[in-house]
Each structure stands twice: as structure tokens, then as C-alpha cells.
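**Student:** model the structure of this input:
(2 chains)
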Amino acid sequence: MHPRRRSRPTGPIAAWLAVTLALACDASSAWAGEARLAVAANFTEAAKEIADLFEQTTGHRAVFSFGSTGLLYTQITQQAPFEAFLAADRERPRKAVDEGFAVADSLFTYATGKLVLFSKDTARVTGPNALKEAGFAKIAIANPLTAPYGAAAVEAMKALGVYDVLQPKIVQGTNIAQTYQFVETGNAEVGFVALSQVVRHEEGSRWLVPEDLYSPIAQDAVLLKQGEDSEAALAFMAFLRGPEAHAVKEKYGYGAGE
Amino acid sequence: MLAFSDLWSPVRLTLELATITTIVLLLIGTPVAWWLARSKWRWKEAVAAVLALPLVLPPTVLGFYLLLALGPYGPGGWIGSIVGLRSLAFTFEGLVIGSVVYSMPFVVQPIRNAFEAFGDRPLEVAATLRAPPWDSFWSVAVPLARPGFLTGAVLGFAHTVGEFGVVLMIGGNIPGETKVLSVAIYDYVETLQWAQAHILAAGMLAFSFIVILSVMVLEKRLGRAGE
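**Tutor:** Just a heads-up that it's a prediction; the model follows:
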């Protein structure tokens, strides 16, 4: 009874597996000029636009997996099939190099983030004085221990001499996206967010924090070992440093990096 | 480096949150479960489905809607304004509201099942003995449904302890106010403080195991006692 029962379905399943495998192999060979990239979520919009220009210019395609830098890094250590890594910080690409997942001399800063004090209220934020006025209950920042924008926000508040006063009012988002959510939904009246999050719309009020008040929020990119021989991945890394890519970065509120 | 108070604060906060949430859920959930079990209304299963939504919705969906609802443009802001708050997000009370929504099905479902399990007969008997409905509810229905109450309370408590996504989205990570156990563990892992993470995570693991085991044992015992 048992052997008969077991042997019957293997035929169709084996056939199905064979077809699926054949299709999968076929699909991957059809996209020979394809760069598979792990990209920090905050760079999503800019990356997509850069990819369009990249495809027009070089004929290669860029395929992105967006996620948090920590998550992407963990996936890279678990052999995820990425060829390059565009992080939201400097540590993780550095670590990828140190631990043998990435190519050391490919490491560079592809963008720098800019910090903005933002509020949904149109009149609230006119400059640093908005932080000294007592008229708000909560100020949102990203978690300074894990998110570069959070650390920068704390530095800026300290540089302005308001950190001790504001500390009881601080609420933390896990990342800069959540921090923006807190401000955008009005749950926190003000917050330190990324320029890239507010640059594309006009609403609310904002103050671009002078860059000498915090250490640069550098976002580093690195070629992964799996992309060492990928023509498309190498081309993308070069393109990322070029003038077309720089223009897109500016448009989305990033500094051009190195 | 391993400061006891740093570890204890989120544990205490979590226990407080789970206790209050469970009490609120029993108070709200019992009449709801009773209605779901006894009502003949045609659309009651639609209501049951709405209450069961948190079982399948990702916490990000719940958290997002809660963030809007608790905020200054939602009902939470209106309630908050009574006590001088702009928003109920980032407050312990906000977390209780979120947890009640999130853990509701875990409490309502077992109680409803228990109410349904004993059927109409015991209540009909009580009625023929001229027991008023309120009396027959307390002295007939509730004792008969005891296993359901226990299971519901334990699951509601445990589920609130294990809550993460919703708290993350509406909490704001404030120590002593909204930084509960699961969020503290997440922070420790993210900042590579694995010693602290291990202590809390292992405690959570042991707790969850004990809870699930005791629910299973309780259900067996009480089930047998009821036979």
C-alpha cells in the first residue's frame, strides 16, 4: 500500500519541477545585463529614477531589493543574491568588507543625507527658534542608537543647546520613515526628518538644519563579492558616481557624496 | 553594564499593560461574546469577522490605522484634548487601546465558544425555575463557561505581552511609558547588546512556553471536569 501511494505522485511532481527549473534558468539567462542591488529603503525613489537613466544610457537593467540597512546586511551574510549594496550608513558596508562579503576598494559614499526640522503646521518651524518655543508636546526623532538621522538630530539639538530641555518631549521612531510618519500624522508636532522625505512636497513648515551642526549622514555603497564579475553591477556602480545620478540625488534631497 | 533597572522597567511596563488590557478585554469581551453566542441576528457573523480581523491583519496595518485614529485628527485626539493631550499616541493609555483591539479575538473567541458549547438547555431550565436573565447569566452561564474565560484571559494576556508591531508604530519608544519588552529586545538586538537581549528573549521564550502549556493543561482538566 505504502510504496504504491508514494510512487504515484512523484511522476507529475518531477515533471513540474523540471519545467519550473527550465523556465527559471531560461529567465535568468534572458536578463544577462541585469544588476541585482540591495538598496536602503530611504533611497527608493531616487534609485528608481537612477535605474531608468541607467537603462537608457547603458542598456543594462537594475533590479532592486529595498529594505532596512540592517535587514539587507543580514540577508547578505546569508548569501542573498545581491551584487551591490547601497546602505543608509557607513558601518554596514564597512562590515560587509571586513567579513569578506564585499570588495574593499569599491567602497564609496554615494549620497549624504540632510537633516530637516519639519512640522505639519505651516507657521511652526521658521528656524532654530522653533525648538526653543515651548508650544509643542512631542518632538519626533529616529532612534539615535540605530539610525544615523537620529544620531544627527541629537547632535544638532546639543549643538543648539536645547537637548536637555527637549529630552522629555522626545519620541523615537525605529527608523527615519517611522519618524516622518509620527510628524505627518500630527502625533508629534515637530520632528527631525530627512530632507529626502519632504523635498518633493510643499506642505507644512521646515528648517534645513545647517550641516555644521551634525556629522555628515553618509550613505555608503559597496560591490559585493557576488557582483565582482557582473558587468551590469560594475556599470551601475560607475553610473552612480556620474553626473546624471548626481542630478537625481540633488533632486531628491541628497548630497552627491564623494 | 547589565543594569537591572534597565531590564526591569520594560518587564514591569509589559506586565502592567497586559494586566490592564486583559481586565478591559474581559469587561468588553464578555458581553460581546455573549451577544455573538446568543443573538439570532443575520449579520452577526459579519461583526464576528470584524472583531477577528487582527488575527490576520499585519500589525503594520493595525498600527497605521491606530496611529491615525489616536492622533490629533482622529477620535484619539478628541478624547486626548479632554485631558489636555494633543494625541493619545506615545502614551500608556494609547497602548492599552491598541492592545485591546489587537488582542480582542483571543479573548472573545474562546468565551463565545464556551457560551455556545452548553447550548440553550441550561438557560431554559433556569428560566423555567423563574431565574431572571441576569441571575441565570451569573449563576449558570458564567460558571459553565469558566474554561473559556480562563483560556481567553490567558491568551489575551500572553498575546499582549508578545505584541510588537503595533506598539512599535504607536509607542514612540519612551522608557517607562511605552518601551515594552518586545521593543526593548528589538533595541538591544539592533544595538548589538546581545547579553541583555538574551536575558529578555530567553525569559520571553520560557514565559510563552509556560503559557501555552498551561492553557493546554487547563483546557484538558476543565474539559474533563465538565463532563
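
**Student:** so what pLDDT did B:L123 get?
**Tutor:** With respect to pLDDT, B:L123 has a value of 83.

**Student:** next: A:E202.
**Tutor:** A:E202 is given a pLDDT of 86.

**Student:** what's across from the most centrally placed residue in chain A in the sheet?
**Tutor:** Nearest to the mean C-alpha position of chain A, counting by CA atoms, centre = their mean, stands A:A40 at 2.2 Å. Note on A:A40: beta-bridge partners A:G67, judged by DSSP bridges.

**Student:** from the chain's centroid, how far away is the strand or helix carrying B:P122?
**Tutor:** B:P122 belongs to helix B:121-128 when assigned by DSSP states H and E. A distance of 32 Å separates the centroid of the chain from that of helix B:121-128, by CA atoms, centre = their mean, to the nearest Å.

**Student:** can you check stretch A:215-224 too?
**Tutor:** With CA atoms, centre = their mean, you get 10 Å for stretch A:215-224.

**Student:** so which bits of it are buried?
**Tutor:** For stretch A:215-224, the neighbour count (16 or more other CB atoms under 10 Å in any protein chain shown) marks A:I217, A:A218, A:Q219, A:D220, A:A221, A:V222, A:L223, A:L224 as buried. All C-beta spots, glycine's among them, are computed from the backbone N, C-alpha and C.

**Student:** so how far is A:E258 from the third one?
**Tutor:** Between A:Q219 and A:E258 the computed distance is 11 Å (CB to CB, to the nearest Å).

**Student:** for chain B, tell me which of the buried residues of stretch A:215-224 show up nearby.
**Tutor:** Checked against chain B using CB under 8 Å from any CB of the partner chain, the buried residues of stretch A:215-224 yield no neighbours at all.

**Student:** now do the helix holding B:P122: everything it contacts.
**Tutor:** B:P133, B:D135, B:S136, B:S139, B:V140, B:A141, B:L144 (CB atoms under 8 Å, 6 or more residues apart in numbering or on different chains).

**Student:** show me which of those are buried.
**Tutor:** Judged by 16+ other CB under 10 Å, buried ones among those: B:S136, B:V140, B:A141, B:L144.

**Student:** show me the two of those that sit farthest apart.
**Tutor:** Farthest-apart pair in the buried ones among the contacts of helix B:121-128 is B:S136 and B:L144; separation 10.5 Å (CB to CB).

**Student:** residues contacting the residue in chain B positioned nearest to chain A?
**Tutor:** With CB to the nearest CB as the measure, B:G172 is the residue of chain B nearest to chain A, at 3.1 Å. For B:G172, the contacting residues are A:K138, A:A140, A:V171, A:Q172, A:G173, A:F182, A:A188, B:A89, B:F90, B:T178, by CB under 8 Å, 6+ apart.

**Student:** kindly report the same for A:A87.
**Tutor:** Counting by CB under 8 Å, 6+ apart, A:A87 has contacts A:A40, A:T69, A:L72, A:Y73, A:P93, A:Q219, A:D220, A:A221, A:V222.

**Student:** which one of those is nearest to A:A156?
**Tutor:** Distances from A:A156 to the contacts of A:A87, taken by CB to CB, are shortest for A:Q219, at 18.2 Å.

**Student:** in strands only, show me the buried residues of stretch A:215-224.
**Tutor:** A:I217, A:A218, A:Q219, A:D220, A:A221, A:V222, A:L223 (DSSP state E).

**Student:** packing partners for the helix or strand where B:V211 lies?
**Tutor:** Using DSSP H and E, B:V211 sits within helix B:194-226. Where contact means 3 or more CB pairs under 8 Å, 6 or more residues apart in numbering or on different chains; DSSP states H and E, helix B:194-226 is packed against helix B:4-38, helix B:146-161, helix B:181-190.

**Student:** give me the contact status of the last one with chain A.
**Tutor:** Yes. Applying CB under 8 Å from any CB, one finds helix B:181-190 in contact with chain A at B:Y186, B:D187, B:E190.

**Student:** show me how to select, in PyMOL, the buried members of the residues you listed.
**Tutor:** Selecting the buried subset of those in PyMOL, with 16+ other CB under 10 Å as the burial test, is done by:
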select buried, chain B and resi 186+187+190
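
**Student:** could you dump the residues of helix B:181-190 next to chain A into a markdown table and include distance to B:L150 and pLDDT?
**Tutor:** Converted to a markdown table, these look like this (distance: CB to CB, whole Å; pLDDT from 0 to 100):
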| residue | distance to B:L150 | pLDDT |
| --- | --- | --- |
| B:Y186 | 31 | 86 |
| B:D187 | 34 | 83 |
| B:E190 | 37 | 75 |
